[in-house]
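Asker: have a look at this prediction, sequence included:
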Amino acid sequence: MIDASSFVDAARRRGFGLWTGVPCSYLQPFINYVIGCDGVRYVSAANEGDAVAIATGAELGGVRGIAMFQNSGLGNAVSPLTSLNHVFALPALLIVTLRGEPGGPPDEPQHALMGPITTQMLATMSIPWEYFPTTDAEIAACLDRVDAFANDEGRPYALVMRKDSVRSWPAPTPAPARPAAVPLVAAPAAAGFHRHEFLRVVQQAAGADDLIVATTGYTGRELYALEDRPNQFYMVGSMGCASSFGLGLAIAQPRRRVIVLDGDGAALMRLGALTAIGREAPANLVHIVFANGLYESTGGQAIAQPDCDFAAIAAALGYPHSGHAGTPAQLAAMLGAGDGTRFIQVPVIPGALPDLPRPRITPPEVAARVRAWLAGA
């Protein structure tokens, strides 16, 4: 058994500065210690997939990230692990608890299947794993292997944590409540413009140091078609993870504005992600949701709630500023309104640019180009 401080301090010396995850009793000492630890940051995620996306965004931004969660939630992380990390060659360290360990201590019935198949799932996703270190002497070599794999392969590495691996640590003092959100700006408007008309506004408003993260599907493809830029990240797969990825990126790059271009269907898929953004509220994050009531990129079917007022939800979940932009001019004005986490809901007419191309640059090249741009900008 080790102290949380032994592992956290060793990880911090290797560049791991952001921890995120979903609680498990096995992880309690880590979470309690990290929340009160100087030099690292803990972000509470709504689900395990969001945690992976947050840690991966931080990685792209130059801060190594750790996502930790119970093995029962590993399934929630499959989408980003297989279609974000694997596809873009972006690493993250996973700490996955082993509830229901075969031959281990008695556990709850919901872990009966997941316990035996946890390591099989990791192997199926081509994620190497080893058991979490339980002595101080094992920590350095373990983290060296994690580092080497991240640098050489650019993929996640998992540490599988058994019960009683880390000594107990007291709970920290709760953080004070933040001021209430600013009232909504403007009322919902009917769609009168196409998505690409608003995307032009975003590109025009983006400063020399701004980063743009575009959700998977037509949004990223239209952004690319209008003008390909090295500060634009075109997500593929990992639907609904753009905002969590952008949150990690914004935390890692606090001096740059991060503009996340999301879709209403994607936002609904991982609506809980808004809770982490509202709680963390990085002043450099702008979250734009284009709303046409459709899963347009995947067949045009209606989303579950086509009339959802996302801006009202964002305000209720702690975004300091949220509102609606019904015209390109309104969007431009809101993008130029100053600092503070912003949520902007933009109604758009269904339809994409004709003969819409797919990016010729591959996902690993997109990630590498953003890294190079960050290093040189």
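Answerer: Sure thing, it's come through. Numbering: from 1, shown residues only.

Asker: which SS class is the nearest residue to residue 239 once chain neighbours are set aside?
Answerer: Closest residue in space to residue 239, ignoring its immediate chain neighbours: residue 266 at 5.2 Å, by Cβ to Cβ, 6 or more residues apart in numbering. (Each C-beta comes from the backbone N, C-alpha and C, glycine too.) Of the three states, residue 266 takes helix under DSSP: H, G, I helix; E, B strand; the rest coil.

Asker: ok, residue 266 - contacts?
Answerer: Applying Cβ atoms under 8 Å, 6 or more residues apart in numbering to residue 266 gives the contacts 215, 216, 217, 239, 240, 242.

Asker: and the residue lying closest to the third one once chain neighbours are set aside, what is it in contact with?
Answerer: Meaning residue 217. Using Cβ to Cβ, 6+ apart and skipping the chain neighbours, the partner closest in space to residue 217 is residue 297 (2.9 Å). Shown in contact with residue 297 (Cβ under 8 Å, 6+ apart): 216, 217, 218, 219, 263.

Asker: and what of residue 255?
Answerer: Counting by Cβ under 8 Å, 6+ apart, residue 255 touches 209, 284.

Asker: per-residue confidence at it?
Answerer: Confidence at residue 255, expressed as pLDDT, is 95.

Asker: out of the contacts of residue 266, which two sit at the greatest distance?
Answerer: The distance between the two most remote of the contacts of residue 266 (Cβ to Cβ) is 11.4 Å, for 217 and 240.

Asker: which one of the two has more residues nearby?
Answerer: Taking other Cβ atoms under 10 Å, residue 217 and residue 240 do not tie; residue 240 has more neighbours (24 against 21).

Asker: just the pLDDT at that one, thanks.
Answerer: Model confidence at residue 240, given as pLDDT, is 96.

Asker: work out for me the element it sits within.
Answerer: Element membership for residue 240 (DSSP states H and E) is empty, with no helix or strand holding it.

Asker: touching, it and residue 264? I think so.
Answerer: No - using Cβ atoms under 8 Å, residue 240 is not in contact with residue 264, being 10.8 Å away.

Asker: which residue of the protein sits farthest from its center?
Answerer: Distance from the centre of the chain peaks at residue 103, with 34.9 Å (Cα atoms, centre = their mean).

Asker: cool, thanks, signing off.
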